[in-house]
Each structure stands twice: as structure tokens, then as C-alpha cells.
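>>> predicted structure and sequence below. I'll ask about it afterward.
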Amino acid sequence: MEEIARVAGVSKGTLYNYYESKEDLLIATILALYQDFVTPPPSVYDESVEPRERLEALIESFALGFDAIAERMPLAHQAWSVILGVASGREKLLGALRETLGGYSQDLQQILQVGVESGSLQPDLDVPMVATLWLAIYDGLLYRAAFETGSGNQDYCAETVRRSLGWLLERTLIDSEESHEMDMRTSTKEKDATPESTRARVGRGRST
């Protein structure tokens with residue numbers, strides 16, 4: 001902690017005002033990757049906005065934070081190596097990561113579920129699985145960008161995030177033709193469910 005305080009240009013006492021131990025400081029360093037660089041806009045949480053637009057805004061927030069996270073990922077892994085050697089620190093870190101990443105997953109699942117219920121996403125969509133795939137794709141791209149030989153490889157960049165998650169989003173959407181077919185099926189079911197006497201009255205009304 002003394003060396004960290006010296007590099008940061010503060011006293012060790014000041015450092016301890018914010019972090020109780022070196023492990024707490026390292027945990028904060030790791031969590032900052034996800035908490036500081038992925039900042040979804042208000043529209044992501046606005047239920048008056050169409051689910052597709054909310055998901056597109058979320059993709060963009062992930063893309064905008066990608067390069068900064070990938071650049072700092074090696075440093076975070078050095079912090080990991082220290083934390084994993086301390087049992088209490090390990091449990092604290094894993095708990096904090098579960099809370100942070102679980103929050104992303106819950107937000108994503110909520111938007112996907114609204115999309116399913118509104119008819120803009122596939123009716124049989126496996127919401128938890130899609131949310132898991134979303135985060136797995138993002139994490140995979142981060143690790144490739146951070147650790148693959150020649151980390152400047154443009155195959156792993158913010159634009160790749162947009163394309164990859166955008167592709168996943170397109171797979172979950174109902175296209176206009178399919179949506180029309182679903183509307184027709186719903187209309188037919190409603191018509192079949194209408195009592196014969198009611199249809200007869202409607203028919204007589206039209207003939208007049």
C-alpha cells in the first residue's frame with residue numbers, strides 16, 4: 001500500500017480512507033473495468049422506448065467501452081493473480097463480480113422479455129440463454145483483444161462488438177413477413193373463436 005500511495009501521490013493514510021486493505025484496492029481495480037467503462041444511456045432503462053432500440057443502445061454502450069476495457073484487462077489479471085491467493089479476497093471478488101455481471105444479465109433479460117411480450121422478438125425465445133450468449137460473446141472478444149498475440153488486431157475492436165451483438169439481436173427479432181403471418185394467424189384464431197350467431201349478425205349488418 002505504501003508503494004501504491006507513493007505512485008498515486010497521496011499518503012498511505014489517505015489510501016486507507018478509501019480501501020481497508022490491498023485486496024480491497026485490487027478488487028476495486030477489477031470491478032472498475034465493468035463499472036466505469038460500460039455506461040448504458042437512460043434510453044436502455046426507459047420502458048416507453050421500443051425493445052429493439054433499447055437493445056441497440058445497450059450494444060452501443062458495450063462497444064464504446066470495449067477498447068478501454070481491453071487495454072486495461074492485463075492489469076486486471078495481475079490483480080486477479082494476487083486476489084486468488086487470498087481466500088477471503090477471492091470470495092469477496094467473486095461475490096462482487098456476480099453482483100455486477102448479474103445486474104447486466106437481469107437488465108438484459110428484462111428488455112428481452114418485454115420484446116417477447118410485445119411481439120417484436122421471437123415468441124419462443126430462450127431469454128436467459130440469449131442473455132448468457134450476449135455476455136459470453138462480449139467477454140470472449142475482450143479476452144481475445146487483450147491477450148491474443150498482436151493485440152492491435154482489428155478483428156477484435158468496438159466495431160466487432162457492434163457486428164457480433166447486432167447479429168445476435170437480428171436472430172432474435174421477428175421480421176416483417178413473419179410478423180404479418182403471426183398477425184394473420186392470430187386474426188384467424190380470433191375469428192374461429194367468434195360465436196356463429198355473432199358472425200351472422202355482423203354479416204347481415206354488412207349486407208344492409
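Good, I have the coordinates. Numbers count the residues shown, from 1 in each chain.
>>> please count neighbours and contacts with C-alpha atoms only from this point.
Fine.
>>> can you show me the helices along this protein?
2-8, 12-18, 22-37, 51-83, 87-118, 127-147, 158-172, 176-193, 196-207 (DSSP state H).
>>> quick one: closest of the ones you listed to residue 44.
Distances from residue 44 to each of the helices of the chain were compared using C-alpha to C-alpha; the shortest belongs to helix 51-83, at 4.5 Å.
>>> coming back round to it: how about the helices of the chain in CSV, adding mean pLDDT, distance to residue 43 and mean neighbour count?
Compiled in CSV, the helices of the chain are given as follows (pLDDT from 0 to 100; distance: least, C-alpha to C-alpha, whole Å; neighbours: other C-alpha atoms under 10 Å):
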stretch, mean pLDDT, distance to residue 43, mean neighbour count
helix 2-8, 65, 36, 12
helix 12-18, 72, 32, 13
helix 22-37, 81, 17, 18
helix 51-83, 90, 6, 19
helix 87-118, 87, 11, 16
helix 127-147, 92, 19, 17
helix 158-172, 94, 17, 17
helix 176-193, 46, 24, 12
helix 196-207, 48, 44, 10
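>>> reformat the ones you listed as CSV; add distance to residue 44.
Converted to CSV, the helices of the chain look like this (distance: least, C-alpha to C-alpha, whole Å):
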stretch, distance to residue 44
helix 2-8, 36
helix 12-18, 31
helix 22-37, 16
helix 51-83, 5
helix 87-118, 8
helix 127-147, 15
helix 158-172, 15
helix 176-193, 23
helix 196-207, 44
